[in-house]
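> Turn this into a structure:
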Amino acid sequence: MTAAENVCYTLINVTSDSEPPSEVSLKTDLEKGEIKAKTEALKKVIIMILNGEKLPGLLMTIIRFVLPLQDHTIKKLLLVFWEIVPKTTPDGKLLQEMILVCDAYRKDLQHPNEFIRGSTLRFLCKLKESELLEPLMPAIRACLEHRHSYVRRNAVLAIYTIYRNFEHLIPDAPELIHDFLVNEKDASCKRNAFMMLIHADQDRALDYLSTCIDQVHTFGDILQLVIVELIYKVCHANPSERARAPTAIKAAAQCYIDLIIKESDNNVKLIVLDRLIELKEHPTHERVLQDLVMDILRVLSTPDLEVRKKTLQLALDLVSSRNVEELVIVLKKEVIKTNNVTEHEDTDKYRQLLVRTLHSCSVRFPDMAANVIPVLMEFLSDTNEAAAADVLEFVREAIQRFDNLRPLVIEKMLEVFHAIKTVKIYRGALWILGEYCSTKEDIQSVMTEVRRSLGEIPIVDNEIKKETGEVKPEDEVSAAPAQKLVTEMGTYVTQSALSSNRPSKKEEDRPPLRGFLMDGDFYVAASLATTLTKVALRYVAIVQDKKKQNSFVAEAMLIMVTVLHLGKSSLPKKPITDDDVDRISLCLKVLSECSPLMNDIFNKECRKSLSHMLTVRLEEEKLSQKKESEKRNVTVQADDPISFMQLTAKNEMTSKEDQFQLSLLAAMGNTQRKEAADPLASKLNKVTQLTGFSDPVYAEAYVHVNQYDIVLDVLVVNQTSDTLQNCTLELATLGDLKLVEKPSPLTLAPHDFANIKANVKVASTENGIIFGNIVYDVSGAASDRNCVVLSDIHIDIMDYIQPASCTDAEFRQMWAEFEWENKVTVNTNITDLNDYLQHILKSTNMKCLTPEKALSGFCGFMAANLYARSIFGEDALANVSIEKPIHLGPDAPVNGHIRIRAKSQGMALSLGDKINLSQKKTNV
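Numbers count the residues shown, from 1 in each chain. Okay, the predicted model is just below:
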């Protein structure tokens with residue numbers, strides 16, 4: 001075993017500027033000095049031996065003058081000294097002097113002080129010479145019966161280590177420790193003893209566990225942890241020992257749920273939830289978990305949004321016709337609770353999650369929709385637009401799919417219509433009312449609500465009179481009792497002396513629709529015109545009385561004209577757009593002509609489009625569910641190969657791997673990533689050359705990225721015939737990188753090489769650069785320090801980006817919110833649109849959100865949305881708009897633009913740089 005392979009137990013920091021003492025002065029201090037002088041001398045000896053000095057002449061001095069001392073500090077230092085001092089001659093035989101040392105430690109093992117006994121036992125764990133340990137075995141055994149637990153637990157550790165390394169010295173160790181465990185009362189001693197049995201004799205450990213299985217819950221946590229480790233190791237080694245009965249699965253799931261509820265740490269909650277989700281993936285376990293849906297919903301009491309999100313998704317996956325009613329009742333209560341809670345930043349998002357879950361329940365179990373709709377429609381008047389938009393989407397789907405619910409939905413929609421506060425929701429509500437109101441009474445109610453929401457017409461004249469003070473609010477109300485003013489809060493205004501004098505109050509008293517129009521939002525006017533056209537055409541078809549027909553159509557046209565007039569005036573904050581003018585004008589023309597073709601387009605084709613969209617979405621959902629269930633159903637064909645665990649390759653082990661070992665490796669940064677199928681994608685691809693071959697010092701670095709850490713393993717080669725002293729790797733970083741520690745200087749012999757490791761912390765997703773140089777002194781030269789400048793190391797952003805998915809609504813919302821945009825022009829030699837898209841997805845680690853159906857076929861252009869998330873939780877969006885210039889021939893390359901949006905500038909720029917670099921590479 002070489003010096004480099006020796007296991008290191010002791011690390012001692014040494015100040016580099018201190019002068020090493022001479023062996024003579026150390027000998028004098030050790031022989032004749034006071035206790036303090038001997039202590040300092042012993043420390044210096046230890047440091048010198050650690051630095052490679054031999055000092056054989058001091059061994060006998062220490063045995064004669066230091067070993068007999070009873071000072072505790074010296075005794076502790078001696079333990080370090082005997083650990084590091086060479087104990088054998090060059091030919092491998094034990095030094096004669098060590099017999100004296102052995103005798104001294106036999107006395108220490110019988111010392112009345114428990115600290116000296118315990119620390120000596122700890123030291124014996126580190127000895128690798130069986131000749132030294134053999135005479136000490138009776139004393140070590142005797143320590144198992146010592147009165148103090150510190151001695152007993154270290155005695156167990158010593159016996160375990162000796163048994164593992166030199167079984168012949170104590171062959172009955174498992175039996176001895178089993179008997180010790182049965183009679184022991186101290187938790188730490190029992191833990192060490194049980195741990196030894198786990199590794200030395202599992203059968204004895206299981207025997208002991210079977211005798212005290214009922215008391216496990218009363219044991220201390222350190223003992224419970226090793227019991228868990230034993231159970232895991234047994235089940236891992238012998239899969240047949242696992243309990244697969246439904247009662248065992250149910251007990252495990254119930255235990256997980258209780259743990260989530262009792263545990264305060266959100267990270268623990270998320271980890272345990274993941275375990276429950278894994279349990280659900282097994283088809284037989286899923287049926288057991290379905291009975292526990294209501295227990296799982298207890299986890300919603302946790303305020304953390306991520307925990308609630310996972311819980312709702314799990315409950316939705318497990319819900320069945322047996323428990324859907326109970327699930328809906330709980331979710332309805334949660335929705336109502338969010339209304340009464342003081343607004344928190346996550347309350348709105350939680351409400352959205354609940355709405356979406358109820359939406360999914362109603363789609364899967366249509367009988368539930370009637371219970372859900374009345375509760376949810378109250379939220380259309382919510383100030384949070386996102387939650388209200390989800391409710392609206394749900395209502396639109398429900399009213400289209402379930403004919404029997406249409407009267408209920410229309411009734412509730414008319415009730416809350418006047419209280420809607422946001423223009424987007426208002427537009428959606430108008431569309432639903434215009435599309436699905438089919439009776440005379442409903443159509444008249446829609447017209448009444450529109451007039452009520454618009455206020456007195458014509459709007460322009462009314463607003464001018466208000467400005468000049470000719471019309472007071474109470475006069476307006478009394479003159480037109482059907483046109484009562486309604487505030488944004490949905491309350492009626494009957495009299496206010498202040499409203500005519502204070503403009504701010506006047507704005508508050510505007511009806512909702514008039515308020516939107518005065519703010520310059522005329523898109524809602526175009527939506528209103530379409531709605532009025534639909535209901536007017538339907539009214540004409542239902543009512544036979546010509547006078548009533550003309551009256552209704554005229555009222556609809558009057559509303560449209562007055563809105564047009566308002567848009568063209570200077571009263572609104574923004575004038576009406578040409579698109580909205582065209583739309584309203586078209587609706588006026590349709591109403592004036594009432595042709596059958598237009599009637600069909602407005603009243604039939606619109607609904608067909610919605611029906612087609614919902615059908616396609618439902619098919620996509622069913623397809624994804626089918627794929628998911630196919631993944632989970634484990635089917636074994638007759639000719640499938642049988643997998644033997646002993647013959648399985650490492651990369652095929654997956655669930656068979658020892659999780660304790662994996663977690664230990666992960667903590668040490670030695671996680672084994674699955675290598676790519678391409679044999680070229682090896683570690684060599686991560687090696688960066690830092691200096692030239694003709695430089696006096698050659699250097700290259702292997703860049704190992706492990707989540708938030710980057711480890712640089714730098715190989716430094718001395719290419720000269722001189723000894724290089726104080727050879728130092730000096731590094732600096734650019735970007736959001738931080739060097740953890742400076743690498744230590746080293747000495748390189750002629751043509752020698754060494755490896756230097758440096759750790760860099762990463763804080764965010766952006767391209768970082770590590771640069772620096774190597775400085776050194778030439779041995780014997782009088783010149784200044786020499787310096788070799790290193791090439792820059794560029795940290796690839798792709799190591800931190802992972803594909804992710806989000807809904808279209810979330811994508812649009814993030815696209816609107818993110819302020820950093822990077823527009824990249826397509827410059828490639830790829831000639832096929834789909835090939836180019838796949839190339840971009842591969843080189844950026846992003847996921848395409850646009851469905852395959854939308855990308856299939858060939859029409860000369862393509863638009864797709866891409867999304868990814870970094871391990872730091874940063875989102876990255878991209879929109880690919882590309883076309884194939886057909887007029888330039890079939891071999892013309894793709895052109896267009898890619899727009900990237902991110903919250904941080906670094907993310908947007910780094911992704912843009914990555915795309916620019918990758919698209920110029922060779923063809924796919």
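> Contacts only, for Leu877.
Residues counted as contacts of Leu877 (CB atoms under 8 Å, 6 or more residues apart in numbering) are Phe811, Met814, Trp815, Phe818, Asn865, Leu866, Tyr867, Ile900, Arg901, Ala902. (Glycine included, C-beta is placed from N, CA and C.)
> what about the helix or strand that contains it, distance to the chain center?
Assigned by DSSP states H and E, Leu877 belongs to strand 875-883. Here strand 875-883 is found 23 Å from its chain centre; the criterion is CA atoms, centre = their mean, to the nearest Å.
> Provide the strand pairings for that strand, with the direction of each partner.
strand 861-870 (antiparallel), strand 895-902 (antiparallel) (DSSP bridges).
> Out of the ones you listed, the one nearest Ala526 is which?
Nearest of these to Ala526, taken as CB to CB: strand 861-870 at 24.5 Å.
> For the closest one, what does the pLDDT average out to?
The average pLDDT within strand 861-870 is 89.
> can you check stretch 101-117 too?
88.
> May I see the buried residues of it?
Val101, Cys102, Tyr105, Asp108, Leu109, His111, Glu114, Ile116, Arg117 (16 or more other CB atoms under 10 Å).
> likewise stretch 291-305?
Counting neighbours by 16+ other CB under 10 Å, stretch 291-305 gives Leu292, Val293, Asp295, Ile296, Leu297, Val299, Leu300, Thr302, Leu305 as buried.
> on that earlier part again, adding distance to Lys757 and mean neighbour count, write the strands paired with strand 875-883 out as a markdown table.
Below are the strands paired with strand 875-883 laid out as a markdown table (distance: least, CB to CB, whole Å; neighbours: other CB atoms under 10 Å):
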| stretch | distance to Lys757 | mean neighbour count |
| --- | --- | --- |
| strand 861-870 | 25 | 20 |
| strand 895-902 | 32 | 20 |
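> so which of those gets nearest Arg514?
Taking the strands paired with strand 875-883 one by one with CB to CB, strand 895-902 is closest: 35.5 Å.
> next structured bit after that closest one?
Following strand 895-902 in sequence, per DSSP H and E, is helix 905-919.
> tell me the angle of that following helix relative to strand 895-902?
150 degrees (axes from the mean of the first three to the mean of the last three CA atoms, to 10 degrees).
> And the contacts of helix 905-919?
735-736, 764-767, 796-798, 801, 820-822, 824, 826-828, 830, 836, 839-840, 843-844, 870, 874, 876, 878, 898, 900-902.
> rerun at 7 Å
Around helix 905-919, the neighbours that count as contacts under CB atoms under 7 Å, 6 or more residues apart in numbering are 736, 764-767, 797-798, 820-822, 824, 826-828, 840, 843-844, 874, 876, 898, 900-902.
> Let me have the buried residues of stretch 101-117 in CSV, extended by distance to Val788 and secondary structure.
Formatted as CSV, the buried residues of stretch 101-117 follow (distance: CB to CB, whole Å; DSSP: H, G, I helix; E, B strand; the rest coil):
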residue, distance to Val788, secondary structure
Val101, 49, helix
Cys102, 52, helix
Tyr105, 51, helix
Asp108, 53, helix
Leu109, 56, coil
His111, 57, coil
Glu114, 57, helix
Ile116, 53, helix
Arg117, 55, helix
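> would TSV of those residues with distance to Glu449 be doable?
Shown next, in TSV, are these (distance: CB to CB, whole Å):
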residue	distance to Glu449
Val101	99
Cys102	100
Tyr105	96
Asp108	95
Leu109	94
His111	95
Glu114	87
Ile116	91
Arg117	90
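> out of those residues, who's nearest Asn599?
Among the buried residues of stretch 101-117, and counting by CB to CB, the member closest to Asn599 is Glu114, at 99.3 Å.
> what are the phi and psi values for the closest residue to that closest one other than its chain neighbours?
Leaving out its chain neighbours, the residue that sits closest to Glu114 by CB to CB, 6 or more residues apart in numbering is His148, at 4.0 Å. For His148, the backbone dihedrals (degrees, to the nearest 10) come out as phi -100, psi 130.
> Run through who's touching stretch 710-717.
Taking CB under 7 Å, 6+ apart as the rule, stretch 710-717 contacts 669, 697-704, 727, 729, 748, 753-760, 762, 774, 795.
> sorry, back to before: please tabulate the strands paired with strand 875-883 in JSON lines, including the columns distance to Ile399.
As requested, the strands paired with strand 875-883 are arranged in JSON lines below (distance: least, CB to CB, whole Å):
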{"stretch": "strand 861-870", "distance to Ile399": "28"}
{"stretch": "strand 895-902", "distance to Ile399": "34"}
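> do you know which of the ones you listed lies nearest Glu435?
Comparing those by CB to CB, strand 861-870 comes nearest, at 28.0 Å.
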